[in-house]
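Please work out how this folds:
(2 chains)
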Amino acid sequence: MRYIPHTPDEYQAMMDTLGIQSVDELFEDIPEKARLARPLNLEDALNEMQLSQHLMRLSSENINVNEVPSFLGGGYYDRYVPAAVGALAFRGEFVTSYTPYQAELSQGTLAAIFEFQSMIQSLTGTYAAQASMYDGASAVGEAALLSLGQLRRRNQVVALRGMHPDSLKVVETYVNARGSSLLVADSLDDLEKKVGDQTAAVLAQYPDMLGQVTLAQKAIELAHQVGALAVVASDPVALALLKPPGEMGADIVVGEGQPLGNHLNYGGPTFGYFAVQKALVRKIPGRLVGVAQDIEGRRGFVLTLQAREQHIRREKATSNICSNHSLNALMATIYMALVGSSGLREVALSSAQMAHYLERRLGELGLVREPSPASPFLYEFAMRVPGDVDQLNRFLLERGILGGFHLGRFHDAWQGLWQLAVTERRTQEDCDRLVEEVKAWISR
Amino acid sequence: MDIPLIFEKSRPGRRGVRFLSPESLDGFQIEEHLPRELIRTTPLGLPEVAENDVVRHYTELSTLNYGVDTGFYPLGSCTMKYNPKVNDWAASLPGFADVHPLQPDTTVQGLLKLLQSLEDGLKEISGMDAVSLQPAAGAHGELTGILMIKAYLRDQGEERTTILVPDSAHGTNPATAAMAGFEVRVVPSNARGGVDVDALRNMVDHTTAGLMLTNPNTLGLFEEDILTIADIVHQAGGLLYYDGANANAIMGRVRPGDMGFDVVHLNLHKTFSTPHGGGGPGSGPVGVTRRLEPYIPYPRLRQGDDGLYWDYTPGKSIGKVRSYFGNVGVLVRAYAYLRSHGQEGLKAVSETAVLNANYLSKRLADHYRTPYDRTVKHEFVLSLTGQKSRGARALDVAKRIIDYGFYPPTVYFPLVVDEALMVEPTETESKETLDRFVEAMETIDREIDQQPEVLHEAPHHTVVRRFDEAEAARHPILTWQQLTGEES
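Model prediction:
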């Protein structure tokens, strides 16, 4: 069989050692009534060459973002991933290792996680970050749970509507599980009405789904006014330009990490990050790496504060998370090292420049930016389209463009809103082509 | 040598990968587009290094790691089998890796077909009626499954409050049950290492929502009484949850659905050979029987007139447990694994994994105590009480194994065995690798009497040796800023 090294002689020698005639004897402790008496009904095995041809064919049946310009965003962005990221992260010693329990054999993973924690801490303006979560949405969910665990007499979390709908859905699933509830506020005024002595956390995304950046500060203040924790979810690339949430007073800063050196992967695997202020370090979910000295006085790294975790604390753990997204966090670490502070600013700035160009050109065609044409944005924004957005997107796709996302598919009040993201991979020609096709569609 | 950090290679002004220079921005000033109070003024704190610095640093770090590609990794309960390279290659194909989750379904039909085939394959292997690929890891699958049980019972008008877990269970089981709002009650093991059926019978009542069980369990033993156990739980009105961490032992031989389980998660990063990546990403699809299908996370993959599409109708679904559809890159690898094996191949995988474990256990039994005199499945537990009485603990033996070029087995788990070493060889290791491991273990056993300090101080040949972990936890230093005292 494909990955089994045993020769027939070796099989025989091993069975002789065990004194058995057949491997069937090793399965006799399975109750006869439960045993599978027929072969599994699966497709026939392919050899490696057949498999690779089959997979290439399936892959080619999808349109990928290298073939057509894409203006899709919503937390996942078509950013450039430098070649060195894959070349390094896919070294077998990283890829095929387990969670670094045996520190002496895991210093590579441990040192890289320590670097990752440091980079995320400094980007977010917090005190410390952990080793990674599954994705941005589950990171927001865990932040809500942490808050409810901290403020045990409270049973609500309140989020601003501009948070990614998947994050809201995950928060809802997570907090409902423990009998608490999620309220969603449509505006800052609404948020002010909804927070109170039952609020354990206020959740805000910065920038949010409509590209707004001005609501987070006020949301943090409202959280603190009622004694709740302030949780801010941020695109890490945006923090190259924006004041970090930690400096604005957020207690927990989380986010979807894909834009940092990870491919889109149709939404996963990417990673979530989770950073906190000092008071919450011992409540953080998941793995944490800290500095340690070995018996010869050398500096190295270990998993630390493990008394929070499921393998030690079982039902009293801060979360059930075990596997996280270490390899994706490693890609982000290598990416951040490669581009550095200047490179990350360049990525964000060139995206913002082209986004503002596109927004102006689309405005000239009569599309109107929401919630207000004057509200500041970076490289993602929402426009009201004169007509059926889904039809516009189909029109563009026929012409080889992945247009923006119709936000109405997420939320009724967003019907007719077109979310557009522009990354450093979009050229002026890409934007001009989009504008020309939108113009053609309007005048069709 | 101190373990190096990329920050130490940083030199002001040094650059790696560049993008558009500020001059090419045609006078675009972010200050004109953002309120002043929202503009970042503090440094980003990333290292300033050249590409060659980065390449050498992470190449060096990789050499400080031990993976399955390095050598034998018999870490019990983790199924550290060989991770096929063609599967990694497949996941990096642009039609899988460079696809945006918000693309129209019509533009990703190849990928959706792959996901549909994987769902179908997992249903067949687990004996379930429906599968969700959304959960990102085993523990995440557990949470999804337990929440489905909760939602189902609630719809039956039952507010049940307790989840039962055996004392040999993985830590994620009780942690998950607590996260899902349940009270956890621990079922004791019997003398044969299985669930104590009489104790279970006395523990179930009208509050029992379900029992979480790994089968074979963490001792590597098959629950011989599984059909009775299922009956007891079902008759009490509870449901049976299968933790698929050990499914590498059973493929093609027995299916969780046929044992009476109602919900199953499978760890694709174990049984289906997707790489562990130093702690993830994994993938933990969940399968359920017909009566639980309405509660599966949405969106669901469905066949329409124009091909496959995502159905976002929530219905009775427990909701979402993560963004979008799942760890698709991991699912592509698992699909490749499934297709390169077929039914015969998967059956051979489990049979060989079980043969390897029994062979290794038998050969080690001359020097190490096997606490249960039974056929094991894909893994087994040694109890090093004899070694401890001679002056070496399980941890010492584990650390000494490193000096012989192997990754150590899991130590001190499961909790029900004193001085436990939990060994899982997997099917991709050859007889001579197992024999070399036996030799090393026999030598180590002799060393306990001849030169015990060699064990107490092990490992000796690694880049770093044992750490003061207690001190690290007392005064945690978690970032470069804290290490250099630059924290504000």
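
helix, strand or coil for the residue in the stretch 101-250 of chain A that chain B sits nearest to?
Proximity of the stretch 101-250 of chain A to chain B (C-beta to the nearest C-beta) peaks at A:Ser122, 3.0 Å away. Just so you know, the C-beta spots here come from the backbone N, C-alpha and C atoms, and that holds for glycine as well. Following DSSP: H, G, I helix; E, B strand; the rest coil, we place A:Ser122 in the helix state.

Please, where are all the strands along the stretch 251-400 of chain A?
Secondary structure of the stretch 251-400 of chain A (DSSP state E, counting those that start in this stretch): strands located at A:252-256, A:272-276, A:289-293, A:299-303, A:368-370, A:380-384.

Going by neighbour count, which residues in the fifth one are buried?
Buried positions in strand A:368-370, judged by neighbour count with 16 or more other C-beta atoms under 10 Å in any protein chain shown: A:369-370.

if we can go back for a sec, separation between the residue of the stretch 101-250 of chain A closest to chain B and B:Glu119?
Here the criterion is C-beta to C-beta, to the nearest Å. By it, A:Ser122 lies 42 Å from B:Glu119.

Also B:Ala97?
From B:Ala97 across to B:Glu119, the span is 21 Å (C-beta to C-beta).

Ok, A:Ala382 next?
From A:Ala382 to B:Glu119 the distance is 34 Å (C-beta to C-beta).

May I ask which helix or strand encompasses B:Ser168?
In the assignment (DSSP states H and E), B:Ser168 maps to no helix and no strand.

ok, for it, nearest residue in space, not its chain neighbours?
B:Pro414 (4.4 Å; C-beta to C-beta, 6 or more residues apart in numbering or on different chains).

for the one you found, what are its contacts?
Each residue near B:Pro414 by C-beta atoms under 8 Å, 6 or more residues apart in numbering or on different chains is listed here: B:167-169, B:217-219, B:381, B:420, B:422.

Selection in ChimeraX covering whichever of the residues you listed are buried, please.
Selection of buried members from the contacts of B:Pro414 for ChimeraX, criterion 16+ other C-beta under 10 Å:
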select /B:168,169,217,218,219,381,420,422
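
so where's chain A uncertain?
For chain A, applying pLDDT under 70 flags the ranges A:1.

And the helices in it?
A:8-18, A:48-60, A:83-89, A:92-95, A:107-124, A:136-150, A:165-177, A:188-194, A:216-225, A:310-313, A:326-364, A:389-398, A:428-442 (DSSP state H).

which one of B:Ala97 and B:Glu119 has more residues nearby?
Taking neighbours as other C-beta atoms under 10 Å in any protein chain shown, B:Ala97 and B:Glu119 compare with B:Ala97 leading, 23 against 20.

what sits against the nearest residue in space to the more buried one that is not next to it in sequence?
Using C-beta to C-beta, 6+ apart and skipping residues adjacent in sequence, the residue nearest B:Ala97 is A:His263, 4.3 Å away. Applying C-beta under 8 Å, 6+ apart to A:His263 gives the contacts A:81, B:92, B:97-98, B:329.

my read is the residue nearest to B:Ser168 is in a helix, agree?
No: using three-state DSSP, the assignment for B:Pro414 is coil, not a helix.

And it, how far from chain A?
With distances taken as C-beta to the nearest C-beta, to the nearest Å, B:Pro414 is found 11 Å from chain A.

If I look at that residue, what pLDDT would I see?
B:Pro414 carries a pLDDT value of 91.

again, but for the one 4 residues further on
The per-residue pLDDT reported for B:Asp418 equals 96.

For it, grab the count of nearby residues.
13.

these two touch, right, it and B:Gln387?
No: counting by C-beta atoms under 8 Å, B:Gln387 is not a contact partner of B:Asp418; they are 11.0 Å apart.

Who are the contact partners of the closest residue to B:Pro281 other than its chain neighbours?
Closest residue to B:Pro281 apart from its sequence neighbours, by C-beta to C-beta, 6+ apart: A:Pro269 at 3.5 Å. By C-beta under 8 Å, 6+ apart, A:Pro269 lies in contact with A:134-135, A:325, A:327-328, B:136, B:280-281, B:283, B:327-330.

Which single one of those is nearest to B:Ala365?
Set against B:Ala365, the nearest of the contacts of A:Pro269 by C-beta to C-beta is B:Gly280 (34.5 Å).

one step back: winner for burial among the strands of the stretch 251-400 of chain A?
strand A:252-256 (a mean of 32; mean count of other C-beta atoms under 10 Å in any protein chain shown).

For that one, which strands pair with it and how are they oriented?
Strand A:252-256 sits in its sheet next to strand A:229-233 (parallel), strand A:272-276 (antiparallel), going by DSSP bridges.
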